[in-house]
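Trainee: only geometry, no sequence info:
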């Protein structure tokens with residue numbers, strides 16, 4: 001026999017399906033106000049341990065009442081998809097062991113295939129100075145200094161309408177003064193006065209990143225913007241290497257591209273994309289031998305590129321993206337690495353720059369993203 005209390009709860013839950021009122025989700029979609037356990041997508045949020053700050057805020061904004069003591073949430077059609085639950089990664093595993101474990105990606109998380117990594121130039125390798133629309137995913141990280149002046153000290157990469165990928169050391173490390181406050185990202189035409197500055201809603205560093213680690217392991221971070229980005233020819237995301245053809249590449253011997261930024265001052269912001277550089281990826285074995293002299297250990301979650309004189313990333317490039325060009329029927333740019341560290345002398349011959357290998361962190365990136 002069922003207890004009286006349990007019978008009442010079952011009746012209330014059954015009634016809620018019939019009496020569910022229409023509502024609007026925090027994303028502005030049409031939904032129904034139902035018990036949270038009936039909404040697979042949001043119940044997954046609640047079950048996440050630890051609960052990411054963005055999930056908690058979204059749940060708070062979704063709350064629309066109670067059935068007895070059970071909270072109700074505004075649940076959209078997308079939130080009802082039961083496969084969203086499989087997005088969760090087994091929390092008993094070590095975080096580093098699941099960095100590349102791909103969850104099923106819910107709708108509205110990533111840009112459409114025709115929106116990311118657009119290959120504009122037919123002869124991109126031939127240019128020394130990038131066109132204004134050539135690297136439309138490039139972002140400048142804007143910091144507020146103690147004297148209230150704004151400046152930038154790092155770069156980032158737009159990967160969706162709401163997220164910028166960057167290096168963890170740009171948020172917490174020796175590259176950024178402790179008194180600097182990261183407040184926004186700048187997107188758009190970097191050599192012109194036409195651009196957009198978007199405030200940052202949330203910052204997420206890899207849980208195992210240690211700013212004092214000489215090896216700079218897990219040097220990766222995500223920035224959630226406080227509003228959606230409108231894509232155009234000058235602001236557009238790069239593609240993540242989700243397809244096996246890109247995800248499994250070592251890039252050894254390949255020439256990859258990145259914009260390199262020279263600092264100029266205009267209206268209290270340092271802006272400019274002065275040039276683009278082409279660097280060749282070397283094997284991790286070669287890179288380990290190179291950095292062993294400096295007491296640094298290179299892991300498989302990193303890649304190394306460059307080493308020619310005056311052809312490498314420099315100050316201000318930290319957190320920016322090294323990209324691979326996939327030339328086929330639908331040519332696209334894919335992000336391969338995030339600028340992490342290198343020689344203290346920019347472009348020093350014989351010293352490659354070390355990048356965080358993005359394909360090794362796809363699971364970490366996706367599990368921290370939400371619509």
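Mentor: Cool, the structure landed. Values in this document were obtained by computation on a predicted structure and should not be read as measured data.

Trainee: C-alpha only now, for contacts and for neighbours.
Mentor: Will do.

Trainee: helices of the stretch 151-300 of the chain, start to end?
Mentor: 244-247, 284-292 (DSSP state H, counting those that start in this stretch).

Trainee: from the ones you listed, which stretch is densest packed?
Mentor: helix 284-292 (a mean of 16; mean count of other C-alpha atoms under 10 Å).

Trainee: pLDDT on it, on average?
Mentor: Mean pLDDT, computed over helix 284-292, is 93.

Trainee: and what of stretch 356-368?
Mentor: 93.

Trainee: tell me the buried residues in that stretch?
Mentor: Taking 16 or more other C-alpha atoms under 10 Å as the basis for neighbour counts, the residues of stretch 356-368 that come out buried are 356-368.

Trainee: can I get those in CSV with secondary structure and distance to residue 276?
Mentor: Below are those laid out as CSV (DSSP: H, G, I helix; E, B strand; the rest coil; distance: C-alpha to C-alpha, whole Å):
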residue, secondary structure, distance to residue 276
356, strand, 19
357, strand, 20
358, helix, 20
359, helix, 23
360, helix, 25
361, helix, 25
362, helix, 26
363, helix, 29
364, helix, 29
365, helix, 26
366, helix, 28
367, helix, 32
368, coil, 30
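
Trainee: between the helices of the stretch 151-300 of the chain, which gets nearest to residue 253?
Mentor: helix 284-292 (11.5 Å; C-alpha to C-alpha).

Trainee: ok, the helix or strand following that closest one: who's next to it in the sheet?
Mentor: Along the chain past helix 284-292, the next helix or strand (assigned with DSSP states H and E) turns out to be strand 302-305. Using DSSP bridges, the strands paired with strand 302-305 in its sheet are strand 275-282 (antiparallel), strand 353-357 (antiparallel).

Trainee: what angle separates the shortest one from helix 284-292?
Mentor: Between the axis of strand 353-357 and that of helix 284-292 there is an angle of 130 degrees, by axes from the mean of the first three to the mean of the last three C-alpha atoms, to 10 degrees.

Trainee: do the longest one as well
Mentor: When the same axes, to 10 degrees is applied, the directions of strand 275-282 and helix 284-292 differ by 110 degrees.

Trainee: buried sites along strand 275-282?
Mentor: By neighbour count on 16+ other C-alpha under 10 Å, the buried set for strand 275-282 is 276, 277, 278, 279, 280, 281, 282.

Trainee: now for the closest residue to the fourth one other than its chain neighbours: which residues touch it?
Mentor: Read that as residue 279. Leaving out its chain neighbours, the residue that sits closest to residue 279 by C-alpha to C-alpha, 6 or more residues apart in numbering is residue 306, at 4.7 Å. For residue 306, the contacting residues are 279, 280, 281, 282, 312, 351, 352, 353, taking C-alpha atoms under 8 Å, 6 or more residues apart in numbering as the criterion.

Trainee: the closest residue to the third one other than its chain neighbours pairs with what?
Mentor: Nearest non-adjacent residue to residue 281, counting by C-alpha to C-alpha, 6+ apart: residue 305, 4.0 Å away. Under DSSP bridges, the beta-bridge partners of residue 305 are residue 281, residue 353.

Trainee: neighbours of residue 305, how many?
Mentor: Other residues within reach of residue 305 by the criterion other C-alpha atoms under 10 Å amount to 29.

Trainee: that one reaches residue 354, doesn't it?
Mentor: Yes - Residue 305 is in contact with residue 354 according to C-alpha atoms under 8 Å; the separation is 6.8 Å.

Trainee: hang on, the earlier thing: residue 180: which of the buried residues of strand 275-282 is nearest?
Mentor: Proximity of those to residue 180, judged by C-alpha to C-alpha, is greatest for residue 276, which lies at 27.7 Å.
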